[in-house]
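K.L.:
From the sequence below, what's the structure:
(3 chains)
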Amino acid sequence: MHRMTLDHPPECAVPALRVQPVNDAPLCETGSLVLYWMTAARRPFWNFGLERAAAWSAALQKPLVILEALRSGYPWASDRLHRFIMDGMAANARHFKNTAAAYYPYIEDAPDAGKGLLAALADEAALVVTDDFPAFFLPRMLAAAARILPVRLEKVDGNGILPLGAAQEPFKTAYAFRRFLQRSLPSHLFERPPVDSLAVRELMAADLPAAVTKRWPPADPDLLEGRRSLERLPIDHRVEPVAQTGGWDEARIRLDVFLEEKLAVYAELRNQPTADVTSGLSPYLHFGHISSHEILHALMQQEEWFFDRLAGTSRGGKEGWWGMSAGAEAFLDQLITWRELGFNFCATRKDYDQYESLPPWALKTLEDHAMDPRPYLYSPEQLETAQTHDSLWNAAQRELVREGRLHNYLRMLWGKKILEWSPTPREALRIMVEFNNKYALDGRDPNSYSGIFWILGRYDRPWGPERPILGKVRYMSSANTLRKLKVQEYLKRHGNPQNGEVGGGRGEE
DNA sequence: ATCGGCTCGCGCAA
DNA sequence: TGCGCGAAGCCGAT
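P.N.:
Just a heads-up that it's a prediction; the model follows:
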């Protein structure tokens, strides 16, 4: 018989540093299944959480059930976000159908209708494995689950290449984090999840518990596949779906296209807003439709990279550490340094979304300029509907509202202007968070907060000369951006025909 | 076109 | 104790 006092299942590829028990409840010997509650890593491949659950399933000889639920009551729930997540669920359903595991997609179709589902499944389970994600409502949801579940609940960190547990403190600059990575990352570089955790083991065939599915019916495939409209769901229907499709399969296509067609010119052209050489993977990373491990692995293969290419000495520099092409190094600085810097902050600071989390110099200088007159003041409605005097800013806002994304470089300018045009820095922060989380597919992510708080000084340094409103916080101007970037095509694409804002290179200041 | 100054905090060499 | 340096800046001088 199997020993139920095990802390870790045998034959499991998940490093101990990535696993944490969330409650004190024991394994339940009489449980009839192992439950993987998929919340952040919504994918069948390269998934540490799934690996852990599958290892338990094999060790305990109990079938594996995968619950992927989508609530309707979370902040900013909309057709846009639901559609993208459900695309991913449809792709997962198609994949898991051919495996021993039982996939349980659930869409909450009325407020709080899903309440009790997790607990009901956990009642049948020997233990529950779930994903660790350090931002948005997920930490709170997990803490609530920990209080009510009668069996062992484990969270598994499959977020990045560096385990969240590897650093206990936040970093003040990307430079400092890069130095840390260059010391610490080599030992984690090859601690990868299996590509397919279900295919590498013999698992018992699983069925969904009928009593549970009777009360909480699995999602209608027509709804997941987009053949049925979302109009009856209690979510915001005014934020419409975008043209792109979510899911691990779509993510993989984008990765292939990026590596094949864009990487070579990425370093040179990524700041040009219409060059279209970025990966576009950020929403897929956000919802866990693709793993950084898969991306890094593909990049290593493409670059024919070996471990001994790593530079032994590097002092936090952006280039030259990996020993890859310029495009690959620039991309890895985004994927690993910047992305994981944000995860580190959220994981180590509970107040990651609070104004007070800004560095002291930024708080002070913004306070010093709190009473400065604001030459331009716009209401949230004027900003949301892109009704400002600045046509470049309006174009960026329209791209966000219509397409659910905001170009990397322009999003900095976008935020700096919101700071200038708002009555207080706190109000500017509120507006940025609201618009970003409401409209951006990749919003509500640790990196959303990195990007937004960077506007206000996080990870940055003071810059002279001291200016009105921003004080010593780095200033950016639309006029200079117009000079530096080729924005003609961008303005044409996102201009407002009714204002004659088409093809014009105007943008005041 | 390029350069320095603006300004703070930190790691590291001395 | 001093020095170098930092997500993409800005501006004026040369």
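
K.L.:
Make sure A:Glu154 is indeed in a strand.
P.N.:
Yes. Using DSSP: H, G, I helix; E, B strand; the rest coil, the secondary structure at A:Glu154 is a strand.

K.L.:
Need the per-residue pLDDT for the closest residue to it other than its chain neighbours.
P.N.:
Distance criterion C-beta to C-beta, 6 or more residues apart in numbering; nearest residue to A:Glu154, sequence neighbours excluded, is A:Val129 at 5.1 Å. For every residue, glycine as well, the C-beta is placed using N, CA and C. With respect to pLDDT, A:Val129 scores 98.

K.L.:
For burial, what's the neighbour tally of A:Val129?
P.N.:
Using other C-beta atoms under 10 Å, A:Val129 has 30 neighbouring residues.

K.L.:
List the contacts of the residue lying closest to A:Asn436 once chain neighbours are set aside.
P.N.:
Excluding the flanking residues, the one nearest A:Asn436 by C-beta to C-beta, 6+ apart is A:Gly443, at 4.7 Å. If a contact means C-beta atoms under 8 Å, 6 or more residues apart in numbering, then A:Gly443 has A:76, A:286, A:436-437 as its contacts.

K.L.:
Check those against DNA strand C and report the nearest one.
P.N.:
Taking C-beta to the nearest atom of the strand as the measure, DNA strand C lies nearest A:Asn436 of the contacts of A:Gly443, at 13.3 Å.

K.L.:
Wait, a strand at that closest one?
P.N.:
No. Under three-state DSSP, A:Asn436 falls outside any strand and is assigned helix.

K.L.:
Look at it and say how many residues are nearby.
P.N.:
A:Asn436 has 23 nearby residues by other C-beta under 10 Å.

K.L.:
go on, the one 10 residues further on?
P.N.:
For A:Pro446, the count of nearby residues is 25 (other C-beta under 10 Å).

K.L.:
cool, and A:Arg227?
P.N.:
That count, for A:Arg227 with other C-beta under 10 Å as the rule, works out to 10.

K.L.:
Quick check: which element contains it?
P.N.:
Using DSSP states H and E, A:Arg227 sits within no helix or strand.

K.L.:
With distance to A:Arg493 as added columns, please give the contacts of A:Gly443 in a markdown table.
P.N.:
Shown next, in a markdown table, are those (distance: C-beta to C-beta, whole Å):
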| residue | distance to A:Arg493 |
| --- | --- |
| A:Trp76 | 25 |
| A:His286 | 24 |
| A:Asn436 | 20 |
| A:Asn437 | 24 |
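
K.L.:
Which two of these have the greatest separation?
P.N.:
Within those, A:Trp76 and A:His286 form the most distant pair, 12.9 Å apart (C-beta to C-beta).

K.L.:
Looking at these two, which is more packed in?
P.N.:
More crowded of A:Trp76 and A:His286, by other C-beta under 10 Å: A:His286, with 25 against 19.

K.L.:
Stretch A:173-189: which residues count as buried?
P.N.:
For stretch A:173-189, the neighbour count (16 or more other C-beta atoms under 10 Å) marks A:174, A:177-182, A:185, A:188 as buried.

K.L.:
between the residues you listed, which is nearest A:Arg405?
P.N.:
A:Ala174 (22.0 Å).

K.L.:
Please name the residues that touch that closest one.
P.N.:
With C-beta under 8 Å, 6+ apart, A:Ala174 has these contacts: A:337-338, A:341, A:459.

K.L.:
try it again with 6 Å
P.N.:
Contacts were defined as C-beta atoms under 6 Å, 6 or more residues apart in numbering; by that measure A:Ala174 touches A:337, A:341, A:459.

K.L.:
Contacts only, for A:Leu64.
P.N.:
Contacts for A:Leu64 (C-beta under 6 Å, 6+ apart) come out as A:34, A:53, A:57, A:101, A:203, A:206.
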